[in-house]
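In: The following comprises the amino acid sequence and a computationally predicted model.
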Amino acid sequence: MAAAYPPTLTSDQLDYLTASFTDYALAHGLVVRPPSTLTPSNPHNCLATPAPVTLFPSPFPRAPFDEARAIQPACNELYARVAHDEAWLGALTQELARIDDFIGKLWAVHTRLKASTDGGGYHHKYSLGLIRSDYMVHRDPRTNTTSLRQVEFNTIASSFGALATKVSDLHRYLWLSGAYPPTSLLSEPSLPRNTALESLADGLAKAHETYINDVAPDRNYTLPSTPPSTGPTSDYGIIFIVQDGERNAFDQRWLEYHLTHRYGIRVFRTTLPDVRKYSYHIRPNYELLFVPPHALDPQRQAVFEISVVYFRAGYGPADYPTQDEWTARHFLEESRAIKCPTILTQLAGSKKVQQVLADRGSLARFVKDEAIANRIYSTFASIYPLDTSPAGLHARKLAFEHPAKYVLKPQREGGGNNIYREKIPEFLKSIDEETWPSYILMELIQPPEVDNIVMRGGEMMQGKVVGELGVYGTVIWKDGDDGGVEVVHNSEAGVLLRTKGSSSEEGGVAAGFGCIDSCVLV
Ligand code: ADP
Ligand code: MG
Ligand code: MG
């Protein structure tokens, strides 16, 4: 019989382990800002608390883990192609835009740019995707077999790569240091180090290099092969567009620190409402110039040309409370800087696109290699439209007659937006039937349960949990000479394991439902 996992601990062992755990998390920046309910008085914003994390790495089957990583470059390319196919994406998006105000506004930024007369609306040549494909292992209760199933695909603000790397390091430390009691499950090959932090920062750095070589080919800029010993010398920089009061700021900061230390690249942070205070364009090429706020003193004037705009905000309506934020988004989109993502890439990540791609014919449009298309296709769960097509009418029937098998998803990101199981009929009845097509209906994946202990806000919870594996990818592309996509960089970029209580419907860490984990491969 297999030994119990996680191993049973005496209270002394548990105290030792949790002290090691907490100190490691605090010492290594595996932290988030505390919720205001926990620390109502944090006037200088100088408090941090360990991020919600599992005490042990969770068992995850090796074969689906390897397969999810192996197909990531193909998924990267698939979404680059979708984002590039304006006619196809536009047709889908325009349908949604009529009934979904947020999608409509995103699309309007694109169409306004296309229609602009002063030399054409778009000025960037390359696009960058820092994306994450999320999966669960599905256990078929009838056959008791398991397979990989995609939950969703994220093309904007895919977060937690840095903290997931720190969790992998934390779990490896607890194992190496002997803070875990001996267990046969943990070994060097079963605890692979995650490199999402470095890999995602590398993707940003690669885009930075691509930009400089495109706009200033005579500089022959190459990323330093070893960390530079001098401070940043280049007058190019990257901006992160962030949310005001972001609790998950350290996950973003780690990317910034890696870009600074490893590559000597300057990173600036700003919010959508503040963008226009510190930046402007130069016509006719629309270079995006950024004047760091601390250099507003004219004696020390410093102006940086922005190579890459990395959005960790702007993925949902709450980030656009007024027209000013839309104006700022348009301003950034119009610039020559590489956007991560562009509006079109953001739209390519909509749930609607995932539903349409779950149809084999649509997938074949973007993935020509049949063997690769089959591998990607085999990760798709059934997803249905809720429109008045025959498939949509069939799905409406499923939603009302068998809701327990399904989740209903609007075109939103960031967690907390879905409607589950029995709540679906009641919800659909409560909204205008005209808007039903802005939702998709997805078959629920049933991941196997494992045991673990979750550490959240200083509290410990032990019980049955389920995991969701995210695989990151970085991809840079431009228009090819043949009218298609020319991919100039494409890489798998590490993983995220998020774990939630098995009875909880959502797994979002930032949304307060889950925690960050790492994989012990079994
Ligand atoms: P978001 O873009 O808001 O993250 P998701 O599609 O990832 O939306 O859904 C949020 C969460 O809901 C997921 O992390 C997962 O826990 C759960 N979920 C979504 N789709 C399914 C599904 N088909 N089966 C089981 N759980 C799901
Ligand atoms: Mg998700
Ligand atoms: Mg998402």
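Out: Noted; the coordinates are in hand. Residues are numbered from 1 along each chain as shown. Ligands and ions are numbered 1, 2, ... in the order given.
In: CA only for contacts and neighbour counts going forward, please
Out: Fine.
In: Now the protein against ligand 3: closest residue?
Out: Glu413 (4.4 Å; Cα to the ion).
In: show me the contacts for that residue.
Out: Going by Cα atoms under 8 Å, 6 or more residues apart in numbering, Glu413 touches Tyr315, Gly316.
In: same deal with the one 5 residues further on?
Out: When contacts are counted by Cα under 8 Å, 6+ apart, Asn418 is found next to Val407, Leu408, Lys409, Pro410.
In: which one of these is nearest Met455?
Out: Met455 lies nearest to Val407 out of the contacts of Asn418, by Cα to Cα, at 27.7 Å.
In: Around ligand 3, which positions in this protein sit nearby?
Out: Counting by Cα under 5 Å from the ion, the positions of the chain adjacent to ligand 3 are Asn154, Glu413.
In: Can you tell me what sits against the longest helix seen in the chain?
Out: Secondary structure of the chain per DSSP state H: the longest helix is helix 196-215. Here helix 196-215 makes contact (Cα under 8 Å, 6+ apart) with 126, 128, 130, 161-165, 219-223, 236-238, 254-256, 258-259, 263, 265, 307-308, 337-338, 472-476, 493-496.
In: now stretch 135-145
Out: 64, 68, 146-152, 445-448, 467-470.
In: same thing but at 7 Å, please
Out: 146-151, 445-448, 467-470 (Cα atoms under 7 Å, 6 or more residues apart in numbering).
In: Enumerate the beta-bridge partners assigned to the residue lying closest to Val495 once chain neighbours are set aside.
Out: Among residues not flanking Val495 along the chain, Val471 sits closest, at 4.5 Å (Cα to Cα, 6 or more residues apart in numbering). Taking DSSP bridges as the rule, Val471 bridges to Ser133, Val495.
In: Can you check the pLDDT for Val471?
Out: Val471 carries a pLDDT value of 98.
In: which ones are touching it?
Out: Ala68, Arg69, Arg132, Ser133, Asp134, Gly494, Val495, Leu496.
In: now Ser491
Out: Per Cα under 7 Å, 6+ apart, neighbours of Ser491: Pro73, Gly473, Thr474, Val475.
In: For whichever strand or helix holds Leu128, buried residues please.
Out: Using DSSP states H and E, Leu128 maps to strand 126-139. For strand 126-139, a neighbour-count test (16 or more other Cα atoms under 10 Å) marks 126-139 as buried.
In: Would you pull up how far that strand lies from the middle of the chain?
Out: Remark: strand 126-139 is offset 7 Å from the chain centroid, using Cα atoms, centre = their mean, to the nearest Å.
In: quick one on the thing from earlier: phi, psi of the residue of the chain closest to ligand 3?
Out: Per-residue torsions, Glu413: phi -130, psi 160 (degrees, to the nearest 10).
In: Would you mind measuring from it to Tyr315?
Out: Glu413 is 6 Å from Tyr315, where distance means Cα to Cα, to the nearest Å.
In: what touches both of these two?
Out: Going by Cα under 7 Å, 6+ apart, no residue sits against Glu413 while also sitting against Tyr315.
In: any chance you could map the helices in the stretch 301-450 of the chain?
Out: Using DSSP state H, counting those that start in this stretch, the helices of the stretch 301-450 of the chain run over 323-334, 343-348, 351-357, 360-366, 370-377, 390-401, 423-430.
In: What of the stretch 101-250 of the chain?
Out: Going by DSSP H, counting those that start in this stretch, the stretch 101-250 of the chain shows helices at 101-115, 161-176, 196-215, 249-263.
In: among those, which is nearest Phe400?
Out: Among the helices of the stretch 101-250 of the chain, helix 101-115 sits nearest to Phe400 (Cα to Cα), with 25.8 Å.
In: Please identify the buried residues of that closest one?
Out: Phe102, Ile103, Gly104, Leu106, Trp107, Ala108, Val109, His110, Leu113.
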